[in-house]
Structure formats: C-alpha cells, structure tokens
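*Asks:* based on what follows, work out the 3D shape:
(2 chains)
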Amino acid sequence: MIAEGAFVEVLFPTSEHPRQPGLRHICYCLGVRPPIALVAYTTSVPWPADMPLPFGVRIFSLAEAEALNQRRAFRLHLNRQARIPLTEKWFPGLGAANQGVIAVASSRLRQELLDLAIELEKRHRQTVERLGP
Amino acid sequence: MPRTLTRTSASASGRKVPITLRIDEARYRKLALLAEAENRTPTNYAETALLRDMAAKEEVSRAITMLVAPEAAGLVAGALERSEGESDDRYAARSQLFDRLFAIPDSDA
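*Replies:* Numbering: from 1, shown residues only, chains lettered A, B, ... in the order given. Below is the predicted model of the structure:
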C-alpha cells in the first residue's frame, strides 16, 4: 500500500505544467497525511554533465534499481517533492491490487532517506532564513 | 546554411513569446533524429531540452522544490500515518519533519 517507503507510480507534475498530473514516474513516498501523500521524484534521464548534483539526490545503481523492481539505474530527487491527494488522478494505479506500488524500501533504506530528508529540510530552512522564501 | 526554428516560450504571465534559434544543418539533422525517436517535433524537443536545463539550474539554486496539487492546497491534512513497527522517537522526528515540509509553499505559486 502507499505508505512511507513505497516506490509508486505517480503522474508527477512537469515543470511545463506544474499544476496538473504530468508524466508517469516512479516516485518515493515519504509518508502520508490523509488524504495527502508526500512523494519525491525519481528519474533515469541523465543529469547535465556540467552541473553538480544538488544535495538531496540519491543515486541508485543498476543493481540497487533491480532490487527495487526497476530496469534502469535512477536518481531519487528528495529535493523535488510534491504534495498530492491520494486519488487516481495522481496515482493511476490506485485502483489496482498493489495500488501502483512497485517496490518497498528496506527499513535501512527508509532510515537513510529519512535522515537525508531531515538534513535537506534543515538546509532549506537556513536558505529561506538567509535569502527569504 | 543554419536552420531556423521559431518557438514560443511561456512567460511568467503564461503568454508565449516567440524566439528564433539558429543552428547549423548537421546539428539540425541530429536534432530531428533525436526528436523523431521521442515522437516529438524538433521544435518541441528543443523546448523540452531548454526547460529541462532551466529546471535543473533552478533546482541547484534552492534546497527543496515543492509542488502542491491544486486540490491538495485546500485540504486539511490529518496526522502522519505511522510506519509499521516505527518507534515513538522516529515517529516524532518524522512528524516534525512533515509539519515543516507541509509548511513549504508551492515553489511555482
């Protein structure tokens, strides 16, 4: 089910259309506050070579990806999150038996990602305090 | 001779502004092939690549990008669902994190 640790299919909004369901992506669910889920974006599209990876991006090797039922190595962008309602409009597989969940992170991985998210939020707050929202 | 693509880009108001891009023939042929592989027009491919690059640069400049679905903005979120076997300390830390993350406004608002 869709809960912390689930890798789930989401129509994650795109930069072009941030207010509507976008392309089908596998996202990582940080948790659920009913009726809203907080998910982070994943992608296998190459990152621009001349740009350093921002803090909060976790790279998954092909072996790690395969262990999570994914065919390609990918990046999890904890720094790119969406608060979306738990509806089929955003979770196309919600009506299926597995609710569109393709894998569930181990407790160790969940803890690693939680620690990363806590540090990321701290940095976000410091940036806002320094530069404004 | 360079090929020209005319494209419209969204401004802050949502209005599209046409721009002209000039590239040489060889690059245009590569662009056309790449676009065809994704069932896109060369113009749409160029726009998507540009937007992706701009989004990546924006992402580097801020710690968290938060997108909020319009329907979610008007909803009152309940208590954080507890994970199976989660300790009280961990749940408290995660609840505090969620309070803060849910307070982050929509980055594109």
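*Asks:* which one is residue A:95 nearest to, not counting chain neighbours?
*Replies:* Excluding its sequence neighbours, the residue lying closest to residue A:95 (C-beta to C-beta, 6 or more residues apart in numbering or on different chains) is residue A:88, at 5.9 Å. Glycine gets a C-beta too; all of them are placed from N, C-alpha and C.
*Asks:* how far away is that neighbour from residue A:11?
*Replies:* Distance check for residue A:88 against residue A:11: by C-beta to C-beta, to the nearest Å, it reads 10 Å.
*Asks:* those two - which one has more neighbours?
*Replies:* residue A:11 (19 against 14; other C-beta atoms under 10 Å in any protein chain shown).
*Asks:* show me which helix runs longest in chain B.
*Replies:* Secondary structure of chain B per DSSP state H: the longest helix is helix B:42-61.
*Asks:* can you list contacts of that one?
*Replies:* With contacts defined as C-beta atoms under 8 Å, 6 or more residues apart in numbering or on different chains, helix B:42-61 is touched by A:15-16, A:45, A:47-48, A:51-52, A:54, A:77, A:79-80, B:5-7, B:9, B:21, B:28, B:31-32, B:34-35, B:38, B:40, B:65.
*Asks:* could you redo the last one with a cut-off of 6 Å?
*Replies:* Contact with helix B:42-61 is made by A:15-16, A:48, A:51, A:54, B:5, B:7, B:31-32, B:35, B:65, as judged by C-beta atoms under 6 Å, 6 or more residues apart in numbering or on different chains.
*Asks:* with just CA atoms, put that helix into CSV.
*Replies:* The C-alpha trace of helix B:42-61 is given here as CSV (Å, rounded to 0.1, in the frame of the first residue of the first chain):
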residue,chain,number,x,y,z
PRO,B,42,12.3,19.3,-33.5
THR,B,43,10.8,22.5,-32.0
ASN,B,44,9.1,20.6,-29.2
TYR,B,45,12.3,18.7,-28.5
ALA,B,46,14.4,21.9,-28.3
GLU,B,47,11.8,23.5,-26.0
THR,B,48,11.7,20.5,-23.7
ALA,B,49,15.5,20.3,-23.5
LEU,B,50,15.7,24.0,-22.7
LEU,B,51,13.0,23.7,-20.0
ARG,B,52,14.8,20.7,-18.5
ASP,B,53,18.1,22.6,-18.4
MET,B,54,16.4,25.6,-16.8
ALA,B,55,14.7,23.4,-14.2
ALA,B,56,18.0,21.7,-13.3
LYS,B,57,19.6,25.1,-12.8
GLU,B,58,16.7,26.2,-10.6
GLU,B,59,16.9,23.0,-8.6
VAL,B,60,20.6,23.6,-7.8
SER,B,61,19.8,27.1,-6.5
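*Asks:* skip ahead from it and say which helix or strand is next.
*Replies:* Going down the chain from helix B:42-61, the next helix or strand is strand B:65-68, by DSSP states H and E.
*Asks:* just checking, which helix or strand of chain B averages the lowest pLDDT?
*Replies:* When each helix and strand of chain B is scored by mean pLDDT, DSSP states H and E, strand B:3-10 comes last, with a mean of 56.
*Asks:* which SSE is residue A:65 in?
*Replies:* helix A:62-67.
*Asks:* contacts for the helix or strand following that helix, please.
*Replies:* Downstream of helix A:62-67, the first helix or strand assigned by DSSP H and E is strand A:74-85. Outside strand A:74-85, the residues that touch it by C-beta under 6 Å, 6+ apart are A:28, A:35-36, A:38-44, A:54, A:56-60, A:65, A:90, A:116-117, A:120, B:64-69, B:71-72.
*Asks:* low-confidence stretches in the chain?
*Replies:* Went with chain A since none was named. Chain A contains residues with pLDDT under 70 at A:130-133.
*Asks:* my bad, chain B
*Replies:* Scanning chain B for pLDDT under 70 picks out B:1-14, B:56, B:58-61, B:109.
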